[in-house]
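Engineer: Dropping a prediction and its sequence here:
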Amino acid sequence: MMDLQQAEDLFKQAIEAYKNNDLELAIQLWSQIEKSPDEVKEIYGKAQVNLGFLLNELKRFAEAEHAYKNVSREDSKKLYVTTQVNLGILLKQQQRFEEAEQAFKNVTREDSVEQYAKAQFNLGILLKQQQ
């Protein structure tokens, strides 16, 4: 089981690898952070957000989707809504409209007013495109 210090160390190493453009190492390091006890949940969530973003940049969409779906509201409300907006955008780009719509609808005003606004904006665009 991973403790907080191990998770923080891996996260910092992954950020350094990313900054140095060693993207595969960054992916490997963020992927090593395990979903474990409460104190590690936030770092796990951050790792999954970063992982999803990077994998999406690399057009590894299935892996990015998986990373985004790994973050639950219980891990971190703030990170969960971020991943849901990112997931919705990712799914919309793949023309998986019903799933994208659901991801946007998963974000509530109580979670985050800012992310709720982003989700509603993207949902509006999605629905307009579908008429």
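Structural biologist: Yep, that arrived.

Engineer: Mind giving me the packing neighbours of the longest helix seen in the chain?
Structural biologist: When the chain is parsed with DSSP state H, its longest helix is helix 38-57. If you count contacts as 3 or more CB pairs under 8 Å, 6 or more residues apart in numbering; DSSP states H and E, helix 38-57 packs onto helix 4-19, helix 23-32, helix 61-69, helix 77-93. Yep, even glycine has a C-beta here, placed from its N, CA and C like the rest.

Engineer: Contacts for that helix, please.
Structural biologist: If you take CB atoms under 8 Å, 6 or more residues apart in numbering as the criterion, helix 38-57 is touched by 2-4, 7-8, 10-11, 14-15, 18, 23, 26-27, 30-31, 33-36, 61, 63-65, 67-68, 70-71, 74-76, 79-80, 82-83, 86-87, 90.

Engineer: Then stretch 66-84?
Structural biologist: Counting by CB under 8 Å, 6+ apart, residues outside stretch 66-84 touching it are 35, 41-42, 44-46, 48-49, 51-52, 55, 86-87, 90, 103-104, 106-108, 111-112, 115-116, 119.

Engineer: Recalculate using a threshold of 6 Å.
Structural biologist: 41-42, 45, 48-49, 51-52, 86-87, 103, 106-107, 111-112, 115 (CB atoms under 6 Å, 6 or more residues apart in numbering).

Engineer: Weed out the non-buried ones from those residues.
Structural biologist: 41, 45, 48-49, 51-52, 86-87, 103, 106-107, 111-112, 115 (16 or more other CB atoms under 10 Å).
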